[in-house]
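K.L.:
Here is the input, now give the coordinates:
(chains A and B)
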Amino acid sequence: MNSILNIDDLHLEVRRDHIANPVLSGVDLSIKIGEIHGLVGNSGAGKSMLAKAILGILPAATRISSGVINFDGKDITRLDSKQRRHLASRHIAMIPQDPMTSLNPVRRVGKQVCDVLQLHMGMDRGKAQQETQRLLDNVQIREPKTVMRMYPFELSGGMRQRVLIAIAFSCKPELIIADEPTTALDVTVQRQILQLIKQLQMNSATALLFISHDLGVVAKICDRVSIMQSGRIVECQTAESLFDEPQHAYTQSLLETTSKYYRFDRGTNTHSETPAEHQDHA
Amino acid sequence: MAPRFILRRLLLILPTLFGVSIIVFVLLRVIPGDPIVMMIPPGATQADIDNLRQLYGLDKSILDQYLIWFGAVLDGDFGISISLRQDVVGLIVSRLPATLELALSAMVLAVVLGITMAIIGTYWQNRWPEAVIDGISGFNQAIPDFLWGLIFILMLGVLWPILPISGRIDPRTGMEFTTQFYLAESLLRGEFSILADLVRHMLLPMVALALPLTAVITRTLKASLFETMTQDYIMLSEIKGFSRWRILIVEALRNALIPTVALSGVQFNFLVGGTVLIERIFSYPGIGNMAIGAVIDRDLPLIQGLIITFAIIFIFTNLLIDLSYRLLNPRVANE
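P.N.:
Here you go, the predicted model:
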């Protein structure tokens, strides 16, 4: 299968007081078209920095010192912000970590979805509104018409994350980066959101880079998993073989600590929701 | 838009004004300075003085004076000016429009300039335009409005006399106004040469009043924009591919204006207070100028009327600021 994203020997450093500290030291990663690729590692391993490098939103003090990020055959590390807007932003979307701070508090929810459609899909306002309604319906928001007229503060965290997921999928991107998309949500909502992301991903040709520190979550939805430690990818496996026979010592220790808290029941369990779980309408 | 909120605030005006009237009335009679002394010609006898005192009711106790005055005020009668010998209400009504036009123009100018400079400074953050804007607003903030007034008179009125430095309108224009809102009236009647003359007269006092407020708005809004630009939803907009201008104007500005309105609200009142000195400096015929004259002449009825007028202006300015705050912030808009 072809890759949509190919990262080759990526080095990234942060400058502080004229000293360059390496954040990523030689990351190799390839994401295949249409797969869900897990990226797991402790905090500080460089997961979010890698995501920011792909998205082109690195902080000012950070610099890519060498390596390439090939997206759809083009190296996107060399683009300035204007070229990036034209080449990449329609094709790479993001589901953020914290839905509470990721929607503009003074703009109506529907407007924030419409904006993206008008920008990238060339829709006029009326068409974008129709499409927004359909998208919100797709992320299982009841009464999308009412929700479109609401402000973010009127929605719960789970509802906001659904809106953000709708935005991420709205322009049919080739790649979506989900940076710990369920960490800020409570446990019951987490499961629904994971299930939703998985379901939307299956219905589209979108590849998903799923960043998490939670192997249990990753086990449930990912096809392949990369393990990251101190700025490097130390292991990349299919999800099954990773859990059955981890190669790297760090992966083994991660699995050991995690399995104390989680029982891995992989497979169809993402669809076996208990009836008590209902949608998190405010 | 929250009619109950407005109604509640309007009802609060009455007790506020009542409080203001008591404080002003008592203060004016406790501090030194006797209006009668200012009126009498040299060589007046004690009997003349007593007669005058009795005529204006100044021989009664402060409480009695207040009750008489307050009773008349309830009928809309603020008394007769001691120094100008005219009805106080009539005097204020004829002069107030000049001050309102000056203060409002200065506010609009300050808001437009302040927002523009803050946006420019944020767009070119850490580049030379930001440094220039920080320099200008630091300088602006250090110089009070009346000093600007004097600088302008020296520079643009004396050294390089291109603008009029006193009055509101050239007396030779000879236009018959039906209202005292000269600026608005000449605009509505399409008298653009008259309008130009009014603007030329108003320009220097207006800019002098506006500059300190501009500095405050620039600095608070810029700080607030900087903070807003680091928010998650702004970062996400960048990822979505919106241009930096669009993000700044459409996404960040309204959010950043919320704390700015709250912070710079007080400054609007300083601007209204600033009209007193500025009108004096530029011989501008508004109520500020009249207030200084009234204080010099110890014209108690006129001072009382003017201070109540200023209090009403302050209250309405604050009401407008609170309303715009609620308009900007959807969280409180529906409460």
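K.L.:
so what does the worst-scoring helix or strand of chain B on mean pLDDT touch, helix or strand wise?
P.N.:
Lowest by mean pLDDT, DSSP states H and E among the helices and strands of chain B is helix B:35-39, with a mean of 77. In terms of contacts (3 or more Cβ pairs under 8 Å, 6 or more residues apart in numbering or on different chains; DSSP states H and E), helix B:35-39 is packed against helix B:46-55. Where C-beta positions appear, they are placed from N, C-alpha and C, glycine not excepted.
K.L.:
and the helix it packs on, how far out from the chain's middle?
P.N.:
38 Å (Cα atoms, centre = their mean, to the nearest Å).
K.L.:
and if you look at stretch B:52-59?
P.N.:
Taking mean C-alpha positions (Cα atoms, centre = their mean), stretch B:52-59 and its chain are 34 Å apart.
K.L.:
Stretch B:95-110 too?
P.N.:
Taking Cα atoms, centre = their mean, one finds stretch B:95-110 lying 7 Å from the centre of the chain it belongs to.
K.L.:
Stretch B:227-243 too?
P.N.:
Relative to the centre of its chain, stretch B:227-243 is centred 38 Å away, using Cα atoms, centre = their mean.
K.L.:
Could you confirm whether it reaches chain A?
P.N.:
Yes: residues of stretch B:227-243 contacting chain A under Cβ under 8 Å from any Cβ of the partner chain: B:231-233, B:235-243.
K.L.:
So for that stretch, what gets flagged as buried?
P.N.:
Buried residues in stretch B:227-243, defined by neighbour count with 16 or more other Cβ atoms under 10 Å in any protein chain shown: B:228-229, B:231-242.
K.L.:
List the contacts of that stretch.
P.N.:
For stretch B:227-243, contacts defined as Cβ atoms under 8 Å, 6 or more residues apart in numbering or on different chains pick out A:55-57, A:84-86, A:88-90, A:92-94, A:96, A:98, A:101-105, A:115-116, A:119-120, A:164, A:167, B:122, B:125, B:244, B:247-248, B:250-252, B:255-256.
K.L.:
If we use 7 Å, what do you get?
P.N.:
Stretch B:227-243 is contacted from outside by A:55, A:57, A:85, A:89-90, A:94, A:96, A:98, A:101-104, A:116, A:119-120, B:122, B:247, B:251-252, B:255-256, using Cβ atoms under 7 Å, 6 or more residues apart in numbering or on different chains.
K.L.:
So which of these are in strands?
P.N.:
Using DSSP state E, A:Met94 are the members of those that sit in strands.
K.L.:
circling back to that earlier point, contacts for the least confident helix or strand of chain B, please.
P.N.:
For helix B:35-39, using Cβ under 7 Å, 6+ apart, the contacting residues are B:49, B:52-53, B:58, B:82, B:297-300.
K.L.:
Leaving out sequence neighbours, find the closest residue to the residue of the stretch 151-282 of chain A found nearest chain B.
P.N.:
In the stretch 151-282 of chain A, the residue that lies nearest chain B is A:Tyr151 (4.4 Å; Cβ to the nearest Cβ). Excluding the flanking residues, the one nearest A:Tyr151 by Cβ to Cβ, 6 or more residues apart in numbering or on different chains is B:Pro330, at 4.4 Å.
K.L.:
For chain A, list the residues in contact with chain B, please.
P.N.:
Within chain A, the positions adjacent to chain B are A:55, A:57, A:85, A:89-90, A:94, A:96, A:98, A:101-106, A:116, A:119-120, A:151, A:153 by Cβ under 7 Å from any Cβ of the partner chain.
K.L.:
Give me the buried entries from those.
P.N.:
Buried among the residues of chain A next to chain B (16+ other Cβ under 10 Å): A:55, A:57, A:85, A:89-90, A:94, A:96, A:98, A:101-106, A:116, A:119-120, A:151.
K.L.:
Which residues of the stretch 151-300 of chain B lie near chain A?
P.N.:
B:231-233, B:235-236, B:238-243, B:251, B:254-255.
K.L.:
again, only this time at 8 Å
P.N.:
Counting by Cβ under 8 Å from any Cβ, the stretch 151-300 of chain B sits next to chain A at B:231-233, B:235-244, B:251, B:254-255, B:258.
K.L.:
ok, back up a step: what about the buried residues of stretch B:227-243, which are in helices?
P.N.:
Of those, the ones assigned to helices by DSSP state H are B:228, B:232-240.
K.L.:
Looking at those, spot the one nearest A:Gly73.
P.N.:
Relative to A:Gly73, the closest of these is B:Ile239; by Cβ to Cβ it sits at 20.8 Å.
K.L.:
List the buried residues of stretch B:69-83.
P.N.:
Result for stretch B:69-83 [16+ other Cβ under 10 Å]: buried residues B:69, B:73, B:78-83.
K.L.:
now swap in stretch B:14-28 and tell me
P.N.:
Those would be B:20-21, B:24-25, B:28, for stretch B:14-28 by 16+ other Cβ under 10 Å.
K.L.:
possible to save those as JSON lines with secondary structure?
P.N.:
Shown next, in JSON lines, are those (DSSP: H, G, I helix; E, B strand; the rest coil):
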{"residue": "B:Val20", "secondary structure": "helix"}
{"residue": "B:Ser21", "secondary structure": "helix"}
{"residue": "B:Val24", "secondary structure": "helix"}
{"residue": "B:Phe25", "secondary structure": "helix"}
{"residue": "B:Leu28", "secondary structure": "helix"}
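K.L.:
Looking at those residues, which two lie furthest apart in space?
P.N.:
B:Val20 and B:Leu28 (12.2 Å).
K.L.:
Give the helix, strand or coil label for B:Asp77.
P.N.:
coil.
K.L.:
Any idea how many residues pack against B:Ser105?
P.N.:
19 (other Cβ atoms under 10 Å in any protein chain shown).
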